[in-house]
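A.B. asks: Next come a sequence and a model predicted from it.
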Amino acid sequence: MLRARDAMDRAYAQPLDVPALARIAHVSEAHFTRTFRAVFGETPHRYLQRRRVERAMFLLRETGRSVTDICFDVGFGSTGTFSRTFRDIVGQSPRQYRKQAMAQPVPTCFAMAWTRPAR
């Protein structure tokens, strides 16, 4: 399971599906999905979405790139899906988040803990 999660962390912007992740973990697809959820508390799909949103949050805070560019760079296929998923996880739209977020002169570990989206 850790190998599959690490693969998702490394290649979050790539198209990843359950069969490919199950092969990385050397288990069947059904077993992979059940075990991943039991171990990490969320489905592989939701974990990957959350990872992509975390990266998008960083890009929204630290760059002036457009929301559309960020959407496609982190691995989403459409801006509608990106905005809906971002709102579900963060609680506000990407544009609202960008307006509200400001670089904080605090240690990185604190900033990461404060900006990590809730499940």
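C.D. replies: Right, received. Where do you want to start?
A.B. asks: hey, let's count contacts and neighbours off CA atoms from now on
C.D. replies: Noted.
A.B. asks: contacting residues around W114?
C.D. replies: Contact analysis of W114 by C-alpha atoms under 8 Å, 6 or more residues apart in numbering lists nothing.
A.B. asks: secondary structure element for it?
C.D. replies: helix 108-115 (DSSP states H and E).
A.B. asks: tell me how far that helix is from the chain's mean position?
C.D. replies: Remark: helix 108-115 is offset 16 Å from the chain centroid, using C-alpha atoms, centre = their mean, to the nearest Å.
A.B. asks: Dump that helix to PDB, restricted to CA.
C.D. replies: Presented in PDB, the C-alpha positions along helix 108-115 are these (Å, rounded to 0.1, in the frame of the first residue of the first chain):
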ATOM      1  CA  THR A 108       7.000  25.800   6.700                       C
ATOM      2  CA  CYS A 109       5.800  23.000   9.000                       C
ATOM      3  CA  PHE A 110       3.200  25.300  10.600                       C
ATOM      4  CA  ALA A 111       2.100  26.700   7.300                       C
ATOM      5  CA  MET A 112       1.700  23.200   5.900                       C
ATOM      6  CA  ALA A 113      -0.300  22.100   8.900                       C
ATOM      7  CA  TRP A 114      -2.600  25.100   8.700                       C
ATOM      8  CA  THR A 115      -3.200  24.900   5.000                       C
END
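A.B. asks: any idea of the mean pLDDT for it?
C.D. replies: Helix 108-115 comes out with an average pLDDT of 76.
A.B. asks: One more: stretch 77-91?
C.D. replies: Across stretch 77-91, pLDDT averages out at 95.
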